[in-house]
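K.L.:
got a structure for you, letters missing:
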């Protein structure tokens, strides 16, 4: 019997998930700040009709919540287009809106990995505010970003494990591009990170390889991917 299949591939810009710590325990006040900044905004009534009043940041989704582990409220933000709304812009805007409501942002918690350019752009932004030269080493610029946004407020922030490019560089250290295989850049162990709902998530080799196994099996059809698995020894 003839068989056919379809593969659908989607791509989007890098999403940054970030929580801004507030010096309050009030979820209501944290939500008020999130409504101020998120693109969707908040519902308002004008002339007896409900409508949406947009927030100040484009490509921004946000909500306020209380984190029992830390005993504080946070404004939890997803930045879906950091080319339009970069990390430092979101930080400054949340700081401003919180201050208007009598609160202060005490620090920032990055969830998962972050592209290096996001912290370099942030570091340069804060250096300009300080009227300092931008001609500093990359490591120093990133350090300025970490200190300015309080990325160590809730715990240590190690650029080597939090910045995507640094993590990949460490994984492929000493290997030329021609020497790399499809296996090596894909099947590395990501560090455990706290997701938005408070759980720990990981991405081990075995789970990725099972996905590859199923994908190849659907392509080959004959042996369900057994020959691929035997050749690569990834299982």
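P.N.:
It's in. What you see is a predicted model; the values in this text were computed from it and never measured.
K.L.:
Okay, now the unreliable bits of this protein?
P.N.:
Applying pLDDT under 70 to the chain flags residues 1, 171-235.
K.L.:
which residues in it form strands?
P.N.:
With DSSP state E as the criterion, the chain has strands at 16-22, 42-46, 49-53, 60-67, 72-79, 105-111, 190-194, 200-203.
K.L.:
what's the closest of these to residue 30?
P.N.:
strand 60-67 (2.8 Å; C-beta to C-beta). For every residue, glycine as well, the C-beta is placed using N, CA and C.
K.L.:
partners of the closest one, with directions?
P.N.:
Sheet pairing of strand 60-67 (DSSP bridges) gives strand 72-79 (antiparallel).
K.L.:
so which of the strands of the chain gets nearest residue 157?
P.N.:
Proximity to residue 157 (C-beta to C-beta) singles out strand 105-111 among those, at 7.5 Å.
K.L.:
Mean neighbour count and distance to residue 157 added to the strands of the chain, as CSV?
P.N.:
Output for those, formatted as CSV (neighbours: other C-beta atoms under 10 Å; distance: least, C-beta to C-beta, whole Å):
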stretch, mean neighbour count, distance to residue 157
strand 16-22, 23, 12
strand 42-46, 10, 32
strand 49-53, 10, 35
strand 60-67, 19, 17
strand 72-79, 24, 16
strand 105-111, 20, 8
strand 190-194, 14, 12
strand 200-203, 11, 18
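K.L.:
how close does the residue most central in space within the chain get to residue 160?
P.N.:
Taking C-alpha atoms, centre = their mean, the centroid of the chain lies closest to residue 16, which sits 2.8 Å from it. Look at residue 16 and residue 160: by C-beta to C-beta, to the nearest Å, they are 18 Å apart.
K.L.:
what ranges do the helices span in the protein?
P.N.:
27-37, 87-100, 116-129, 138-149, 159-162, 164-171, 183-186, 205-220, 226-232 (DSSP state H).
K.L.:
Contacts for the fourth one, please.
P.N.:
It refers to helix 138-149. Helix 138-149 has contacts (C-beta atoms under 8 Å, 6 or more residues apart in numbering) with 87-88, 91, 107-108, 116, 119-120, 122-124, 126-127, 134, 136, 151-152, 157, 159, 163.
K.L.:
Apply 10 Å and report the result again.
P.N.:
Contacts to helix 138-149, defined as C-beta atoms under 10 Å, 6 or more residues apart in numbering, come from residues 18, 20, 87-88, 90-92, 95, 105, 107-110, 114, 116, 118-127, 129-130, 132, 134-137, 151-152, 157-159, 162-163, 166.
K.L.:
now that helix and strand 16-22, what's the angle there?
P.N.:
Between helix 138-149 and strand 16-22, the angle comes out at 40 degrees (axes from the mean of the first three to the mean of the last three C-alpha atoms, to 10 degrees).
K.L.:
Can you point out the buried residues in helix 138-149?
P.N.:
Using 16 or more other C-beta atoms under 10 Å as the test for burial, helix 138-149 gives 141-142, 144-146, 148-149.
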